[in-house]
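Got a predicted model here, sequence first, then my questions.
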Amino acid sequence: MTERDTLDRHLTVEALRASEAAATAAAGLVGKGDERRADHVAAEAMRKTLNRMAVDGTVVIGEGERDDVPMLFVGEKVGSGDGPSVDIAVDPLEGATIAATGGANAMSVVAFSQPGGLLRAPDVYMDKLAVGGGLPAGIADLDEAPADTVRALADARGVDVSDIVACILNRPRHEEIIAGVREAGARVRLIPDGDVAGVIATSTLGSGTDIYLGTGGAPQGVLAAAALRCVGGQMQARLVFRADDERARARALGIEDFDRKYALDDLARGDVVFAATGVTSGNMLDGVRREGGFATTHSLVMRSRTGTMRWVRARRDLAKSPFIDDV
């Protein structure tokens, strides 16, 4: 990879600022039962922060189509327009329902890549499988039975299958996957939402998660792949279409092979920067603490080129943070 093929180093700080702003804004609505409002204030804070950056940015993974959302829509231009061209993937409030109910693992997420570095996925479902680094190539295959996959993972790690923990979204559609993993002898950690955090956990030391399985949002799948590219791991994914209008949206983004199985490098390639800030506390990040006019945040920022992972704690004076409404 040449210097021309890499992002500016300062973009790691800019990504961090964007996720911090969104998380701090959303934190004021944690536990108040209004997920739409929480998502809105997070998106507004992130958008305003992105527009301060010296980049020519294009949102490729956003809040939805332009006609359906007022900001951070797919195709929206952000930044001053004077700096480098970058593609941007965002989820200002990953786990909006979690935040609204005061649950764990809600966070704000953003990723930058060079133009074309992130799959422009429509807002449809995506079947996903992810494991951490240090494993033989192809150890996990989306087309294999979950029971066979967790057994192969246990063999590769030299452990009993009962030591393998699979993270799966707690949804009725995953009943067969859950049953298959348990019948093989592995354990299951069910999560209510937040599959980006679930994928990242497979490559995070001490997380207690070995594999992520199941179907979730395609935009979140691309963000998860961006993170996994930074920390190392394997991922496979396939878009899931339920209606003709979803296929039409995919075609509009240049996707013609509806059965394609995407590898990690198909989802996120080149130099990638990823940042996440906790909104509520979870197994990876602490949530925002707002006390006495100040907010303390806990974030993770990563870059694929260097493989660096930085955990950052920051304290900001809310009176001097113009893009964060005191909600």
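Structure received. Residues are numbered from 1 along each chain as shown.

Local confidence estimate at the residue of the chain most remote from its centre?
Relative to the centre of the chain, the most outlying C-alpha is that of residue 292, 30.8 Å out, by CA atoms, centre = their mean. According to the prediction, residue 292 has pLDDT 87.

quick one: contacts for the closest residue to residue 96 other than its chain neighbours?
Among residues not flanking residue 96 along the chain, residue 35 sits closest, at 4.0 Å (CB to CB, 6 or more residues apart in numbering). Where C-beta positions appear, they are placed from N, C-alpha and C, glycine not excepted. Shown in contact with residue 35 (CB atoms under 8 Å, 6 or more residues apart in numbering): 96-97, 99-100.

Which members of those residues are the farthest-apart pair?
The largest distance within these, taken as CB to CB, falls between 97 and 99 and amounts to 7.3 Å.

Between those two, point out the one with more neighbours.
residue 99 (31 against 16; other CB atoms under 10 Å).

Check the gap between residue 264 and residue 231 for me.
If you measure residue 264 against residue 231 using CB to CB, to the nearest Å, the figure is 11 Å.

Residue 59 too?
Distance, residue 59 to residue 231, using CB to CB: 24 Å.

before we move on, what about residue 152?
Taking CB to CB, one finds residue 152 at 22 Å from residue 231.

Could you do residue 98 as well?
22 Å.

Return the distance of the residue nearest to residue 96 relative to residue 151.
Here the criterion is CB to CB. By it, residue 35 lies 38 Å from residue 151.

For stretch 39-54, the averaged confidence score.
For stretch 39-54, mean pLDDT rounds to 94.

buried ones in that stretch?
39-53 (16 or more other CB atoms under 10 Å).

Near residue 90, how many other residues are there?
Using other CB under 10 Å: residue 90 sits among 30 other residues.

buried sites along whatever helix or strand it lives in?
Residue 90 is part of strand 85-94, with elements assigned from DSSP states H and E. For strand 85-94, burial by neighbour count (16+ other CB under 10 Å) applies to 86-94.

May I have the strands that pair with it, each with its orientation?
As defined by DSSP bridges, the strand partners of strand 85-94 come to strand 56-61 (parallel), strand 107-113 (antiparallel).

Can you tell me which of those strands is packed in deepest?
Greatest average neighbour count among the strands paired with strand 85-94 goes to strand 107-113 (a mean of 31), per mean count of other CB atoms under 10 Å.

Tell me the helix or strand right after that one.
Tracing the chain past strand 107-113, the next element assigned as helix or strand by DSSP H and E is strand 125-132.
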